[in-house]
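J.: Sharing a model that was predicted from the sequence below.
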Amino acid sequence: MKIDLNCDVGEGVENEHLLMPFISSCSIACGGHFGNEKTIYQTLESALHYNVKVGAHPSFPDKENFGRQLLEISDANLKQSLQQQLDLFLNVLTNFKVKLHHIKPHGALYNAIAKDEKLATLFLDALKFHLQNCFLYVPFDSVIASLAIENGIKIRYEVFADRNYNDDYSLVSRKLIDALLTDKKSVLNHVLNIAKKGKVKTLKGKDLPIQADTFCVHGDTDNAIEIVKYLAKELPKCGIEIE
């Protein structure tokens, strides 16, 4: 069995060079919640040095809250911001001989378009040109996944290796103490349950069927490096290669 292990990077933690050797794809902040031309360039350099597939990580234009709160913004302004973020990323990408592998929305935007059809439609409309030739990372059993499939967009179902889930497939709020999984063995068991059994155990102990093409460890999790190193070491012992 082969899985993709991804990290959200270029977000100011400056640990990319330590994460990249152990992952297979990454999503790079492109100016919405964090990032500028310099940070994108530096992160792309690191990713390509380790042959890691690269994706854009657009967000609500909200650096103050790191894109992790719903933002009151007009449809026109959000659409314009998303397009500007992708344009910035792709302009930097032209310096490298590599194609955009995927687009993955960030934070509150990611969670919102999982449920909000109007916002999900706006997101796809804003980036439909770019999505013709790359994957869109989406949550399983989400509105955005269904709309993307209907529109012929290639998707990859993403699950979070370092986050707990609710019974409706949503992520446990970061405001709650049990939102994050930080114990490396717990993360491994979480990943194995999903990859081998096709089940995700929710915070309330319910086993939900789930499909996963890519697993995410947040680059800004305090012990993210420890987690990805451990997964890279232990998953092959369980018959799972990171690729």
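T.: Looks like it arrived, so ask away. Numbers count the residues shown, from 1 in each chain.
J.: Longest strand in this protein, by number of residues?
T.: When secondary structure is assigned using DSSP state E, the longest strand within the chain turns out to be strand 2-9.
J.: how about it: buried residues?
T.: Neighbour-count burial for strand 2-9, with 16 or more other CB atoms under 10 Å as criterion, is recorded at Ile3, Asp4, Leu5, Asn6, Cys7, Asp8, Val9. Any C-beta I mention is one placed from the backbone N, CA and C, and that applies to glycine too.
J.: Run me through the strand neighbours of that strand, direction for each.
T.: Partners of strand 2-9 in the sheet, by DSSP bridges, are strand 25-29 (parallel), strand 214-218 (parallel), strand 241-242 (parallel).
J.: For the second one, give the mean pLDDT please.
T.: Regarding strand 214-218, the rounded mean pLDDT is 97.
J.: Which helix or strand lies directly C-terminal to it?
T.: Later in the chain than strand 214-218, the nearest helix or strand by DSSP states H and E is helix 224-234.
J.: could I have that following helix exported to CSV, CA atoms only?
T.: As requested, the backbone C-alpha atoms of helix 224-234 are provided in CSV (Å, rounded to 0.1, in the frame of the first residue of the first chain):
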residue,chain,number,x,y,z
ALA,A,224,5.4,18.0,13.6
ILE,A,225,9.0,16.9,12.8
GLU,A,226,8.9,14.2,15.4
ILE,A,227,5.5,12.9,14.0
VAL,A,228,6.6,12.8,10.3
LYS,A,229,9.9,11.1,11.2
TYR,A,230,8.0,8.5,13.2
LEU,A,231,5.5,7.9,10.5
ALA,A,232,8.2,7.6,7.8
LYS,A,233,10.0,5.0,10.0
GLU,A,234,7.0,3.0,11.2
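J.: For the spatially most central residue of the chain, give me the backbone phi and psi.
T.: The chain has Lys104 as the residue nearest its centroid, 5.2 Å off, counting by CA atoms, centre = their mean. Note on Lys104: its backbone torsions stand at phi -130, psi 120 [degrees, to the nearest 10].
J.: Let me know the secondary structure of the residue of the chain most remote from its centre.
T.: Computed with CA atoms, centre = their mean, the residue of the chain farthest from its C-alpha average is Lys237, at 25.3 Å. Secondary structure for Lys237, judged by DSSP: H, G, I helix; E, B strand; the rest coil, is helix.
J.: Many thanks, I have nothing further to ask.
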